[in-house]
Each structure stands twice: as C-alpha cells, then as structure tokens.
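Novice: what would the 3D arrangement of this be:
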Amino acid sequence: MPIVNYRFSVVISNYNDGRYLTDCLRSLLKNKAFAQIIVVDNNSTDDSVAIVKNLQKKSARVKLIANQQNIGPSAARNRALRLVKEEWLVFVDADTKLIEADIRGLSTWLSKQDRLGAGVFKLLRWKGRIFDSAGEKISPFGFLAEMAQGARDVGQFDHSPFIFSGKGAAMFARTELFRRLGGFDKNFYMYWEEPDYFWRVINIGFQNKFCPFLTFRHAFGSSGSKSSEQSGQNTSFLGGRNQLWTLRKNSKGSLKLKLLLTVTGAWLLIGISFLISGKLRMFISIIKAVFVGLFARVNEGIPSDKIDAYLIDQRSPGWYWGKFTNYLSGRPY
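Specialist: Sure thing, here's the model as predicted:
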C-alpha cells in the first residue's frame with residue numbers, strides 16, 4: 001500500500017485564552033502538513049481575535065470564525081466544519097502547543113488504519129515529561145479511567161493502544177465520519193462531549209486509538225474568568241448532567257440500567273457530601289444535574305448493550321474512593 005502524505009485541518013475552540021494562543025498557533029504554523037488552522041472564537045473579551053487577525057496577515061492557512069456569543073466548545077468545533085477540506089481533523093485547545101511532530105510516521109500509521117475513527121495525541125503538562133493524558137478506558141460502572149495522567153512519559157504508550165475516549169485538547173477524527181455522526185453534541189456545551197463522540201464511533205464499528213506521533217503541552221484549566229465557586233457549580237452541573245446524557249444515549253438494556261444506577265448514586269453521594277460540608281449551592285447544582293441528566297430529552301444516540309472487554313479498565317475500590325475524594329477537594333482525578 002503506497003504511503004499517503006496526509007494534510008490536516010486543525011480546529012481550535014478559544015475563549016479568552018489569548019495569553020496562550022500565539023504560542024499555540026506558531027507551533028502549528030511551523031509544519032505545512034497543517035493545511036488549515038481554523039480558530040473559532042467564542043466572543044472573547046481579551047485580545048484573542050486581534051492575535052488571530054495579526055497571524056492571518058502572515059499566513060493564509062489561518063482562518064477565523066468569530067462568534068457573537070459564547071456557544072461553548074462543542075458547538076464551536078462543529079461550526080468549523082464548513083471550512084474543513086482535509087480528510088483528517090485535528091482538534092486542539094488554545095492553551096496547548098505542539099512540541100514534537102513526526103508527520104511522516106503519522107501518515108504511515110494512518111494509511112494502515114482502515115477502521116480508525118478517532119483518537120488522541122500525546123498530551124503532556126506544560127513543563128517536564130509528565131502526562132496530562134494518553135486517553136481513557138472506561139470502568140465497568142461508567143467512570144472514565146485515565147491511562148496515564150500524572151505518569152512520566154517513557155514511551156510506554158507508543159504502541160498505539162486502543163482507547164475508549166480521550167481529551168479534546170489534542171484529539172483527531174476522520175472528517176467524513178465526524179460529519180456523518182453530526183460532530184459533537186452541541187447541547188452538552190462542554191464536558192463529556194468527547195466521550196459521547198468516541199462512544200458513538202465505537203458503536204458504529206470503528207476504533208479509537210492513542211497516537212504518539214504528535215506531542216502537545218497543555219496548560220489545562222486556563223479558560224474562563226468566573227470565580228472558583230461559580231466555576232465549581234457549573235462544572236458539577238455540566239459534568240453530572242452530561243455524563244448521564246452520555247450513558248442514556250450510548251447504552252441500552254441491562255448495561256444502561258447498571259451504568260445509570262451506579263453513576264446516579266455516585267453523583268448523589270457527592271452532592272450529600274457537599275451538603276454536609278455546608279456547600280449548599282454545590283449540592284443544588286448536583287441535584288439539578290441528576291434531575292436534568294435523567295429526565296430531560298436527549299439527542300438520539302447509537303446505543304449498544306455491551307462494551308468490548310479491551311476497552312474496560314478494572315479498578316480497585318481504592319481507585320473509586322480516590323476519585324470521589326479528589327472530586328470533593330477539586331484535585332485532578
């Protein structure tokens with residue numbers, strides 16, 4: 001099979017990340033394989049739009065879609081589709097920068113992946129060789145299980161393992177399939193839109209993989225200007241609601257019942273813990289999330305009654321307890 005020298009359309013959803021955006025764009029412009037670099041700005045109040053317009057004067061590859069309101073990253077990424085021309089989409093966050101790129105290796109690898117639908121690239125923290133993410137498996141009870149968060153990168157995932165899901169901060173997708181599936185669910189606004197998409201890819205018979213041929217740094221948690229309390233409430237509401245929506249859309253039968261019962265129970269336990277600690281608004285946010293997550297109408301999914309064993313990560317009770325306590329304290333999990 002002849003090797004195809006792929007070119008890529010890059011999509012960046014941005015909201016008030018101007019302090020990172022210049023580095024992000026310049027790191028991508030160094031490589032001509034990124035034929036289009038489309039920034040979708042969600043009505044930023046900083047200098048983000050000015051930064052993009054300035055770089056447009058230097059490179060015709062840079063495109064700008066300036067939204068008149070913040071429609072969230074899910075809908076913003078979808079909006080870029082009208083400009084996309086290449087066979088493969090690359091999604092990156094504005095607070096990332098590309099530090100290593102083996103385009104020839106990536107093209108060779110992609111040319112051999114007939115059933116590949118989507119995946120994630122190597123995502124490191126802003127300093128050092130510590131993973132932010134190398135993709136996720138799913139636990140038997142519906143919780144995402146990071147494969148590498150906090151681990152040192154020593155090449156342990158460079159064999160391109162299968163993944164269930166991953167972060168949209170450094171993600172890729174087959175363009176034709178992304179269009180066919182309707183892109184990200186815009187009703188999610190943010191959080192869990194990637195697992196929902198990856199799950200739909202799996203349920204129609206395609207695969208998701210970790211890809212080591214591009215490496216990004218990620219200054220995670222940078223966007224937005226709300227107070228920490230308000231941000232926590234929004235995160236809890238969107239995270240809880242969207243996780244339940246994802247389960248409802250993509251599973252069915254006894255699998256759906258099991259996942260909904262365990263995840264609903266976990267969110268209610270978190271809510272009660274916040275109530276006991278005097279955080280009434282956090283408690284209310286989670287109760288609202290559970291109610292809307294279980295009973296609001298959701299977009300039609302592609303449900304399956306099973307998850308393949310190679311995508312499931314069996315974890316100890318201690319891991320679930322750690323995930324619970326870390327959520328309450330606001331630490332990564």
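
Novice: where in the stretch 51-200 of the chain is pLDDT low?
Specialist: The model of the stretch 51-200 of the chain has no residue with pLDDT under 70.

Novice: strands of that one, start to end?
Specialist: Assigned by DSSP state E, counting those that start in this stretch, the strands in the stretch 51-200 of the chain fall at 62-66, 88-93, 96-101, 116-125, 131-133, 136-138, 144-146, 170-174.

Novice: mind putting the ones you listed in a markdown table, distance to Asn14 and mean neighbour count included?
Specialist: Any C-beta I mention is one placed from the backbone N, CA and C, and that applies to glycine too. Below are those laid out as a markdown table (distance: least, CB to CB, whole Å; neighbours: other CB atoms under 10 Å):
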| stretch | distance to Asn14 | mean neighbour count |
| --- | --- | --- |
| strand 62-66 | 10 | 18 |
| strand 88-93 | 8 | 24 |
| strand 96-101 | 11 | 19 |
| strand 116-125 | 17 | 25 |
| strand 131-133 | 19 | 24 |
| strand 136-138 | 24 | 22 |
| strand 144-146 | 25 | 20 |
| strand 170-174 | 15 | 25 |
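
Novice: what's the closest of the ones you listed to Gln36?
Specialist: strand 62-66 (6.2 Å; CB to CB).

Novice: direction included, what does the closest one pair up with?
Specialist: Here strand 62-66 is paired, per DSSP bridges, with strand 34-41 (parallel).

Novice: might you calculate how far the partner strand sits from the centre of the chain?
Specialist: When distances are taken as CA atoms, centre = their mean, to the nearest Å, strand 34-41 is centred 17 Å away from the chain's centroid.

Novice: Leu28 is nearest to which of the strands of the stretch 51-200 of the chain?
Specialist: strand 96-101 (5.8 Å).

Novice: need the strands of the stretch 51-200 of the chain in TSV with distance to Gly265, can you?
Specialist: Putting those into TSV (distance: least, CB to CB, whole Å) gives the following:
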stretch	distance to Gly265
strand 62-66	41
strand 88-93	32
strand 96-101	35
strand 116-125	29
strand 131-133	26
strand 136-138	17
strand 144-146	17
strand 170-174	30
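
Novice: Arg241: which of those is closest?
Specialist: Arg241 lies closest to strand 144-146 among the strands of the stretch 51-200 of the chain, at 15.6 Å (CB to CB).

Novice: what lies in contact with the closest one?
Specialist: Residues from elsewhere that reach strand 144-146, judged by CB atoms under 8 Å, 6 or more residues apart in numbering: 133-134, 136-139, 164-165, 195, 313, 315, 319, 333.

Novice: farthest-separated two in those residues?
Specialist: Pro195 and Trp319 (18.0 Å).

Novice: give me the more crowded residue out of the two.
Specialist: Pro195 (23 against 15; other CB atoms under 10 Å).

Novice: quick check: Tyr189 vs Gly119, distance?
Specialist: From Tyr189 across to Gly119, the span is 23 Å (CB to CB, to the nearest Å).

Novice: contact partners for Arg7?
Specialist: 33-35, 86.
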